[in-house]
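Colleague: Here you go, sequence then predicted model.
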Amino acid sequence: MHVIKNGTIYTMKDSSPFKGDILISDDGKIKAIGTDLGTTDAEITDAEEKTVIPGFVDAHSHIGGVWMESEDLNEMSNPVTPEMDSYYGIDPKDKQFETAVSCGITTSCLIPGSGNVIGGWGIVLKSSGDSFKDRLLKHPVCLKAATGINPKGVYSGRNQLPMTRMGIAFLLRDYLRRVKEYMEKKEKYRDEPDKMPPYDLGLEHGIPVIEKKIPLKVHTYMHDMVTVVDIAREFDILVTIDHAQGASDFYDDLCDPHVKGVIFGPISAGLFPGEGGKIDFECCKGLHDRGVKVTVMTDGPVTPENLLIYQAGEAVRKGMDPVDALGMITKTASEIILCDDRVGTLEEGKDADIQIYDALPTLYTSAVLEKIWINGKEVNIK
């Protein structure tokens, strides 16, 4: 047993902080939250005058699978590669996970890169743990897709479809159409094995998207977001809008119920002509106020992991309440990546992913991370 005592606790389940204790069980779960908690044999961490919050959740990252010299999460051999799976592209011992811990990130959604229109399945992984399987929260959590300059940039140089936005929209629709036809044939001939369609792993990976069990996670900017929402409506699927620069121009479309969430950023990415020319952090408050789930991302290691908290601060600078900004990178991010049953808030029964700061980090730029636990085990901050 371990007890964190006398801290100012932001559970993120409730909006108001309070002074109290958190009891962590030996199985790495939060056993209780309240006052005067503990047992005679519990290890104690005194959090007097400290801020206690959930671990940060990065809803869009490539750490462990992308390096300067190698891209094990970006299979740029064909514009449609839904059969790919991030599970097989991650090095769980990569030093990038230590960097994530030092930035307060306890959970990351790790996805294929954006070179292809359809890139494959994504997973959710803890930043530390006893083994890869111990750290794995959800597999799959999404099917990655991309619009705009990334797939255009890869395949136009090869004089190959898709060279245009028209081509990208066609390939997205064509893939989803083929998944639906595949599902219909499987259902129609389920009692006639000789007539069943040949097994197709790429189409199989799209079935949970059509069934709304996981979203299509789309790298998209500016007016391409409208195309993505149109396709989501057409096929009645859930999507997340990732990067989303220029979102403040498209509030009406992004309020569509087919949008599972908007994942904004990162701010240090390049501005692309015609699609990424607007950095509008005011959209975080604008979307939040309209009831749209919104968070920010690192896109690590393309950009540094410490951008998560910096971008939450930028949202505050653009008018967002600091506690709402904290909720973006904890509770809301966990909901968008379908892991809110385990992480994102401090509640009894959830994973003990807990941070102690000397001040509220979304309000005070000088706030320092002092201690962090993942699955109830304290992890060294390097």
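Modeller: Right, received. Where do you want to start? Numbering: from 1, shown residues only.
Colleague: and for the longest strand that the chain contains, what are the contacting residues?
Modeller: As assigned by DSSP state E, the longest strand anywhere in the chain is strand 136-146. For strand 136-146, the surrounding residues in contact (Cβ atoms under 8 Å, 6 or more residues apart in numbering) are 82, 85, 87, 107, 109, 111-112, 114-126, 168, 172, 205-206, 208-209, 214-220, 240, 337-339, 342-343. To be clear about C-beta, it is placed using only N, CA and C from the backbone, and glycine gets the same treatment.
Colleague: Run a quick neighbour tally on the closest residue to residue 91 other than its chain neighbours.
Modeller: Excluding its sequence neighbours, the residue lying closest to residue 91 (Cβ to Cβ, 6 or more residues apart in numbering) is residue 64, at 5.1 Å. If you count neighbours by other Cβ atoms under 10 Å, residue 64 ends up with 26.
Colleague: element containing residue 64?
Modeller: Element membership of residue 64 [criterion: DSSP states H and E] is none; it lies in no helix or strand.
Colleague: Same question for residue 299.
Modeller: Residue 299 belongs to no helix or strand, assigned by DSSP H and E.
Colleague: Residue 327: what's its closest spatial neighbour, skipping adjacent residues?
Modeller: Once flanking residues are discounted, residue 327 sits nearest to residue 12: 5.4 Å by Cβ to Cβ, 6+ apart.
Colleague: Run through the strands of the stretch 251-382 of the chain in chain order.
Modeller: 259-264, 294-296, 354-357, 369-374, 377-378 (DSSP state E, counting those that start in this stretch).
Colleague: The second one packs against which elements?
Modeller: This points to strand 294-296. The contact analysis (3 or more Cβ pairs under 8 Å, 6 or more residues apart in numbering; DSSP states H and E) places strand 294-296 against strand 259-264, helix 282-289, helix 307-317.
Colleague: where exactly do the helices run in the stretch 201-350 of the chain?
Modeller: With helices called from DSSP state H, counting those that start in this stretch, the stretch 201-350 of the chain shows them at 201-204, 207-210, 224-235, 251-254, 282-289, 307-317, 322-327, 333-336.
Colleague: ok, now which ones touch the residue nearest the centre of the chain?
Modeller: Closest to where the C-alpha atoms of the chain average out (Cα atoms, centre = their mean) is residue 59, at 1.4 Å. For residue 59, the contact set (Cβ under 8 Å, 6+ apart) comprises 109, 240, 261, 263, 295, 297, 333, 336, 337.
Colleague: Residue 157 is nearest to which of the strands of the stretch 251-382 of the chain?
Modeller: strand 259-264 (27.8 Å; Cβ to Cβ).
Colleague: Output the contacting helices and strands for the closest one.
Modeller: strand 56-61, strand 239-243, helix 282-289, strand 294-296, helix 333-336.
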